[in-house]
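Chemist: Let me see the structure of the following:
(one chain, ligands or ions: 1)
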Amino acid sequence: MDVECLPALSGIRPRQRGGRRVQRKVHVRPACPARGERDHTGRARAGDLPELLPRTVALGVRRSETRAVTVQLDSALAADASVGLWLDPPVLPTKWLYDGRGSRLFDEITRLPEYYPTRRETSILTDRAGEIVAETESVMMVEFGSGTSTKTRLLLDAFSAAGRPFTYVPVDVSAPMLAESSAILARDYPTIEIRPVEADFTQPHLTLPHADGPRVAVFLGGTIGNFDDDDRGVFFTRVASALTPGDYFLLGADLIKDTGRLVAAYNDKAGVTADFNRNMIEVLRTGLGATGLYTDDFDHIARWNPVRHRIEMWLRARRPVHATFAALERDWDLAAGTEILTEISTKFELSALHEELASAGLAQVDTWTDPFGDFSLTLSRR
Ligand SMILES: C[S@@+](CC[C@H](N)C(=O)[O-])C[C@H]1O[C@@H](n2cnc3c(N)ncnc32)[C@H](O)[C@@H]1O
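Modeler: Numbering: from 1, shown residues only. Alright, predicted model coming up:
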């Protein structure tokens, strides 16, 4: 049965009404415990969760504080875990890699010698930011999965140089990273309005803030590769419906290339990606009150799936695992060698990607690749 575990944000709506915090009612499932440290919203499939009960949470930010929108509940991990961990093979959505520590580790990954995507996408943005600004004439940029927003600065520089009033809406599930990066951006870009939103971009009802002019939604870092083929199509359709004709969508996508380089990018010599992957065990342990669960009991695996054109990250149990999740009131037994799927990163062939965008109603305006042909940036128009 498909259920909404946390329909807390029915879309992406930073609430700003003259600096007041705005209280909204949402529904949470009492069976899904709050986690406190990090808040998530999300879609989940679960079998027998109890009836929805209302709870009031704050979804507002004070402009002067430039803080991330906060939703004081987190039952999504419990719902995702209760469904995914008992599948064969077990699976957990990629977003659970990004708690505060996971986000910092990912930031470290972007600077590793093996991790070419960030350098390649940065080089395209360096060359093309001016063209993107001139073409879109946008007054608002909404970025899904903004992280540190480091590369986005190239676009922010170009939009602020255009001299128009401009709003930047970074959207991310990682509250600590979102709060920190938004505060730094607000300091560095005093003429740009920064409106951070903590939200899950996989949620069914994607709505964007209103703007008095064209908007551009951006999705960088090759994060689109984290969707499987079906979910990617659904996401493109949701983005297209959230945009209005005349708005734009800027998509960064990693391209198919030599398998050795691909695998190395997800299995660096310094072991940072391994730590990033294993951090998911720590997220489960702390988030669900687990006993008998240790990161050292798992190996990081990155392998290329040639049929589905994707890197897959797995965690393989080094020994038999017998854990108990207090939050789920359930034991979790894994035989040695069992693998848990934690991330997919699909690599693309450009013409197929453009067809997918077009069939969602996003017509290609321009596409750029870096000089090595490793990475692509596609601008499409609604
Ligand atoms: C691969 S990183 C990319 C970060 C940045 N855009 C870049 O290009 O370096 C993915 C980002 O998306 C965020 N993220 C992952 N799943 C998400 C979800 N379902 N909803 C919102 N943000 C998500 C993560 O917290 C992280 O910041």
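
Chemist: which residues does the closest residue to the ligand within the stretch 51-200 of the chain contact?
Modeler: Residue nearest to the ligand within the stretch 51-200 of the chain: Gly145 (2.6 Å; C-beta to the nearest ligand atom). Bear in mind the C-beta positions are built from the backbone N, C-alpha and C, glycine included. Gly145 makes contact with 171-172, 201, 219-221, 223, according to C-beta atoms under 8 Å, 6 or more residues apart in numbering.

Chemist: top of these by neighbour count?
Modeler: Asp172 (28 neighbours; other C-beta atoms under 10 Å).

Chemist: my guess is Asn279 contacts Leu97, does it?
Modeler: Yes: look at Asn279 against Leu97 with C-beta atoms under 8 Å: they come within range, at 6.6 Å.

Chemist: and the residue of the stretch 251-382 of the chain found nearest the ligand, helix, strand or coil?
Modeler: The minimum distance from the stretch 251-382 of the chain to the ligand, using C-beta to the nearest ligand atom, falls at Gly252 (6.8 Å). Look at Gly252: counting by DSSP: H, G, I helix; E, B strand; the rest coil, its state is strand.

Chemist: nearest residue to it other than its sequence neighbours?
Modeler: Leaving aside its sequence neighbours, Gly252 sits nearest to Leu220 (C-beta to C-beta, 6 or more residues apart in numbering; 4.2 Å).

Chemist: Nearest to the ligand within the stretch 151-300 of the chain, name that residue for me.
Modeler: Counting by C-beta to the nearest ligand atom, the stretch 151-300 of the chain gets nearest the ligand through Gly221, at 2.4 Å.

Chemist: about what we covered before: report the contact partners of the residue nearest to Gly252.
Modeler: With C-beta under 8 Å, 6+ apart, Leu220 has these contacts: 121, 143, 145, 151-152, 250, 252.

Chemist: Among the residues you listed, which are located in helices?
Modeler: 121, 152 (DSSP state H).

Chemist: need the contacts of Leu220 in TSV with pLDDT and distance to Val307, can you?
Modeler: Shown next, in TSV, are the contacts of Leu220 (pLDDT from 0 to 100; distance: C-beta to C-beta, whole Å):
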residue	pLDDT	distance to Val307
Glu121	98	26
Glu143	98	32
Gly145	98	26
Lys151	98	31
Thr152	98	34
Leu250	98	29
Gly252	98	24
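
Chemist: beta partners for Phe219?
Modeler: Leu251 (DSSP bridges).

Chemist: Thought Tyr248 was touching it, still the case?
Modeler: No: counting by C-beta under 8 Å, Phe219 sits too far from Tyr248 to count as a contact (11.6 Å).

Chemist: in this structure, which segments are predicted with low confidence?
Modeler: 1-74 (pLDDT under 70).

Chemist: Around the ligand, pick out the residues from it.
Modeler: By C-beta under 6 Å from any ligand atom, the residues of the chain that approach the ligand are 94-95, 98, 103, 106, 110, 118, 145-147, 151, 172-174, 200-202, 220-221, 223.

Chemist: mind running it again at 5 Å?
Modeler: Within reach of the ligand by C-beta under 5 Å from any ligand atom, the chain has these residues: 95, 98, 145, 147, 172-174, 200-202, 220-221, 223.

Chemist: Looking at those, which is nearest Leu243?
Modeler: Phe201 (13.7 Å; C-beta to C-beta).

Chemist: and the residue nearest in space to the middle of the chain, how far is that from Val321?
Modeler: Nearest residue to the geometric centre of the chain (C-alpha atoms, centre = their mean): Gly145, 4.0 Å. For Gly145, the distance to Val321 equals 30 Å [C-beta to C-beta, to the nearest Å].
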